[in-house]
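Novice: Structure for the following, please:
(one chain, ligands or ions: 1)
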Amino acid sequence: MPPMLGLVLAGGQAQRLGGGDKGLLAIGGRPILSRVLDRLAPCAAVILSANGDPARFAAFGLPVVADDVPGFAGPLAGVLAGLDWAAAHRPDLAHVLSAPADCPFLPGDLPGRLHTAAWDAGRPLACAGSGGRRHPVVALWPVALRHDLRRAVADERLHKVGAWMDRHGVALAEWPDAPFDPFLNVNTPEDFSAAERIAAAHPHA
Ligand SMILES: Nc1nc2c(ncn2[C@@H]2O[C@H](COP(=O)(O)OP(=O)(O)OP(=O)(O)O)[C@@H](O)[C@H]2O)c(=O)[nH]1
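Specialist: Numbers count the residues shown, from 1 in each chain. Below is the predicted model:
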């Protein structure tokens, strides 16, 4: 597996949970962000995509990169900031692996499986899937596509990330969604309760 940059997407508003940083919420006694960082351990470096005061993430000791697309909000802005950061600071890393800060149970083989899926299919991008759904925020992105992604973000007609991925060619790496979905993300209080139940039943998840 070539070295890659891990990018944790933590720049959302968490409106469905009443605000705050979902990554700092504890599931099974550990912040979701710590769980995500464990899964990104094979990456050569990891950065955090977040907006506002970076001091709230100081305990994690990671570079914090803010979105820089005026008037655009959404995970794609964070992906773009991560790709730009890689190009500027780590030109030795050709790929960025993105993972959201609100997914407590990401699979342990995430980096390797995404890389293998892209390589085997001869596609520039790879995206995770489970339960018949794609999860475009959990994906492998070539740094070289950042200019095209910036154009897509600037053009309202091109905002659909799935369509953008399909246009460039994306491999799908799928995981089983039983006994629980490894891509369960904590969006609502009900998701939070479900995640706590999973953590209690699967202490090593
Ligand atoms: N950098 C960045 N990340 C984002 C942005 N919006 C969402 N994310 C991240 O992308 C992932 C999925 O986000 P969502 O759950 O769809 O959105 P959210 O804003 O976190 O939550 P809601 O406000 O409840 O929709 C989360 O890890 C977010 O932190 C954004 O504008 N910029």
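Novice: what sits against residue 185?
Specialist: 100, 102-103, 191 (C-beta atoms under 8 Å, 6 or more residues apart in numbering). C-beta coordinates here come from the backbone N, C-alpha and C atoms, glycine included.
Novice: how about the residues of the protein that lie near the ligand?
Specialist: 9-16, 22, 49, 67, 73-75, 77-78, 100-102, 137, 187 (C-beta under 6 Å from any ligand atom).
Novice: Buried ones among the residues you listed?
Specialist: 9-12, 14, 22, 49, 67, 74-75, 77-78, 100-102, 137 (16 or more other C-beta atoms under 10 Å).
Novice: Which ones among the residues you listed map onto helices?
Specialist: 75, 77-78 (DSSP state H).
Novice: and which of the residues you listed is nearest to the ligand?
Specialist: residue 78 (2.4 Å; C-beta to the nearest ligand atom).
Novice: what pLDDT does that closest one get?
Specialist: We note a pLDDT of 95 for residue 78 in this prediction.
Novice: Residue 47 is in contact with that one, correct?
Specialist: No. Counting by C-beta atoms under 8 Å, residue 78 sits too far from residue 47 to count as a contact (10.1 Å).
Novice: which residues do these two both contact?
Specialist: 7, 65.
Novice: rewinding a little: just send the ones in helices among the buried ones among the residues of the chain next to the ligand back as CSV, with distance to residue 39 too.
Specialist: Shown next, in CSV, are those (distance: C-beta to C-beta, whole Å):
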residue, distance to residue 39
75, 17
77, 22
78, 17
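Novice: out of those, which one sits closest to residue 169?
Specialist: Using C-beta to C-beta, residue 75 comes nearest to residue 169 of these, at 20.2 Å.
Novice: Please enumerate the helices of the protein.
Specialist: Secondary structure of the chain (DSSP H): helices located at 32-39, 75-89, 110-121, 146-154, 161-168, 189-201.
Novice: Buried residues of the fourth one, list them for me.
Specialist: By neighbour count, with 16+ other C-beta under 10 Å as the criterion, the buried positions of helix 146-154 are 146, 149-150, 152-153.
Novice: ok, and the closest non-adjacent residue to residue 43?
Specialist: residue 6 (3.4 Å; C-beta to C-beta, 6 or more residues apart in numbering).
Novice: Tell me which residues are up against whichever strand in the chain runs longest.
Specialist: As assigned by DSSP state E, the longest strand anywhere in the chain is strand 133-142. With contact meaning C-beta under 8 Å, 6+ apart, strand 133-142 is reached by 4, 9, 75, 79, 82-83, 94-100, 103, 106, 110, 114-115, 118, 124-129, 149, 161-162, 165, 170, 172, 183.
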